[in-house]
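> sequence-free structure coming up:
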């Protein structure tokens, strides 16, 4: 696991401390975070697809001990654990219901099992909301009153934070901005969730691959055809490489993706009107560090400026995420901190 | 002004008391509401399109005195005023910016002027959010943790309440669910706001009239043609009458409207995941009291059941509003009560 971009040594850290856990389909990321949101120690465990949930939770308990020791802390300096998990879930009861990439974890009382294995109280959250909270607390969203985060990867994840409150939703399915409907027609592109017209069906890496495939099949000329003839497999990464190298079709596909994302972001802005929108995930083409990443963001911003109400169009900050893959465990730790700092779920806590 | 559906006499009322004001394009509705959300006295003032804002505000101040006296109260039993106003606005500064139907009120410091004229502190809110809060506090949404309200009229208004907090938005343009984009194409139907593809362009009374006009122009047979030949003007009311009388085209138009609304509601549900959705406004065809109203609601529910995630599809309550045109001033009074009951904007108050 790469070193987090921000971190702090024991001697500089601010008490008290929190554990953040980010449960993913291929690994568990886990770390100690200080009162100001800075990681002090961290590690990653593989989530073997066919290990039992109980075995993995047991290892998570041991890993919690280890990161506390690595941070130079004792257990009694740690307040609690925050746990971000993929859905579907029931947050109130702490149940993992049907995580698509973790078949062994179906209907599993994750929150309580992790509490038993770690010996700490556990705050349970959706992984995308945890990541959004990480960016809100100490990432690019710090200082904003409200924020929507959209994560572009194989699918399109999202989280919404308003006044320090993560929008979990009444049925634990809140903030699924990847599933705003941008085309009402039954013939619209089909989302992996089984419904037509969702943003994810246009903007995920999977969707970029599919749209490119269709354009090539329709006979559009592109340097990609030669790559495929050489045996390369078509992927969003390949499309991005071709776009970066000047391929017109690949470039058009990427800019169309920005257009679709701009439509979805505007739609969500018209509902939530956040102070900022944060875009993260692998499908940001290297982000601010690459010309293609910068062009993509500029195209999203242009679409939003064209479509949103004048004041939010001019003022809403649309930026790339800053914490990368660390946002999840840092944000989960932040949510544990919120639980500690407030009595109710309403969020009357300063960041 | 018709009598509110719920109200309470002085002898039965619960102290303390609040004033609610609902500023509209044609009238100001204004009343005293008790601690439990029940109106005690109320009146309506016309808002003459060409009266100066200051004249109207002066009359509002006098009307506040009158409703307090009518309720049998003294000024010191009243805590404050809640004021719902059409946008655009800036809530933080209390400014009305550009209300489209109140040209004399452009860039007007409404909150502070009403505070001066009434002698009470004023809580300033968007009118649609105030109405949503009314339904949430004492209407069909009472008991729900979170709620989205969509009001179908000449346009499509909306409000969102989550955990007792109205989603004003960071730039005071929150909860404009009429402006979710249900068709990303530049060729989509044009919304009066100037942007293509918004829900309002498909579901407002104006949109129903326009869609019917197009169908008739395309030669679709309908009893409406004879009505128009007799000199009736095409309107959503006329379409509803024809549908209620069994006209197949009018019925199809109404059910298509339910389909579009179901798409928009699902899209917002996928973002917010509220406990309930409340549908109000004139375009509900008499609501639960008429067969057409009941069919329309059932068609919206069916579309949402088809399109939403399984748990919210099964559990989210989708109902007609209950307070009618009183929701605005009752909700505005409720927002004044919230201001009184909490120190911050976060909402940690029991309803």
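Received the coordinates, thanks. Note that this is a predicted model, so its numbers are computed, not measured.
> what ranges do the strands span in the stretch 151-300 of chain A?
A:156-162, A:165-166, A:276-280 (DSSP state E, counting those that start in this stretch).
> Now residue A:65: which helix or strand?
helix A:53-70 (DSSP states H and E).
> and stretch A:103-110, how far apart are its ends?
End-to-end distance for stretch A:103-110: 14 Å, by C-alpha to C-alpha, to the nearest Å.
> just to revisit the earlier point, report the mean confidence score over the helix holding residue A:65.
Averaged across helix A:53-70, the pLDDT comes to 96.
> so how far is it off the chain centroid?
23 Å (C-alpha atoms, centre = their mean, to the nearest Å).
> So which elements touch the next helix or strand after it?
Using DSSP H and E, the helix or strand that directly follows helix A:53-70 along the chain is strand A:78-85. Contact partners of strand A:78-85 among helices and strands, from 3 or more C-beta pairs under 8 Å, 6 or more residues apart in numbering or on different chains; DSSP states H and E: strand A:17-23, helix A:110-118, strand A:122-126, helix A:127-138, helix A:327-341. C-beta coordinates here come from the backbone N, C-alpha and C atoms, glycine included.
> Recalculate using a threshold of 10 Å.
Packed against strand A:78-85 by the contact rule (3 or more C-beta pairs under 10 Å, 6 or more residues apart in numbering or on different chains; DSSP states H and E) you find strand A:17-23, strand A:27-34, helix A:53-70, strand A:95-96, helix A:110-118, strand A:122-126, helix A:127-138, helix A:327-341.
> Rebuild the ones you listed as JSON lines, extending it with mean neighbour count.
Shown next, in JSON lines, are these (neighbours: other C-beta atoms under 10 Å in any protein chain shown):
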{"stretch": "strand A:17-23", "mean neighbour count": "28"}
{"stretch": "strand A:27-34", "mean neighbour count": "25"}
{"stretch": "helix A:53-70", "mean neighbour count": "18"}
{"stretch": "strand A:95-96", "mean neighbour count": "22"}
{"stretch": "helix A:110-118", "mean neighbour count": "20"}
{"stretch": "strand A:122-126", "mean neighbour count": "27"}
{"stretch": "helix A:127-138", "mean neighbour count": "30"}
{"stretch": "helix A:327-341", "mean neighbour count": "28"}
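> Would you reformat these as TSV and include distance to residue B:314?
Below are the helices and strands packed on strand A:78-85 laid out as TSV (distance: least, C-beta to C-beta, whole Å):
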stretch	distance to residue B:314
strand A:17-23	26
strand A:27-34	32
helix A:53-70	26
strand A:95-96	17
helix A:110-118	23
strand A:122-126	19
helix A:127-138	22
helix A:327-341	27
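> Tabulate those (JSON lines), appending distance to chain B.
As requested, the helices and strands packed on strand A:78-85 are exported to JSON lines (distance: least, C-beta to the nearest C-beta, whole Å):
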{"stretch": "strand A:17-23", "distance to chain B": "20"}
{"stretch": "strand A:27-34", "distance to chain B": "23"}
{"stretch": "helix A:53-70", "distance to chain B": "21"}
{"stretch": "strand A:95-96", "distance to chain B": "12"}
{"stretch": "helix A:110-118", "distance to chain B": "17"}
{"stretch": "strand A:122-126", "distance to chain B": "11"}
{"stretch": "helix A:127-138", "distance to chain B": "11"}
{"stretch": "helix A:327-341", "distance to chain B": "12"}
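> ok, the worst-scoring helix or strand of chain A on mean pLDDT: who's next to it in the sheet?
Using mean pLDDT, DSSP states H and E, the weakest-scoring helix or strand in chain A turns out to be strand A:165-166, at a mean of 92. Its sheet considered, strand A:165-166 pairs with strand A:156-162 (antiparallel) by DSSP bridges.
> so the partner strand versus helix A:327-341, what angle?
30 degrees (axes from the mean of the first three to the mean of the last three C-alpha atoms, to 10 degrees).
> Alright, calling it a day.
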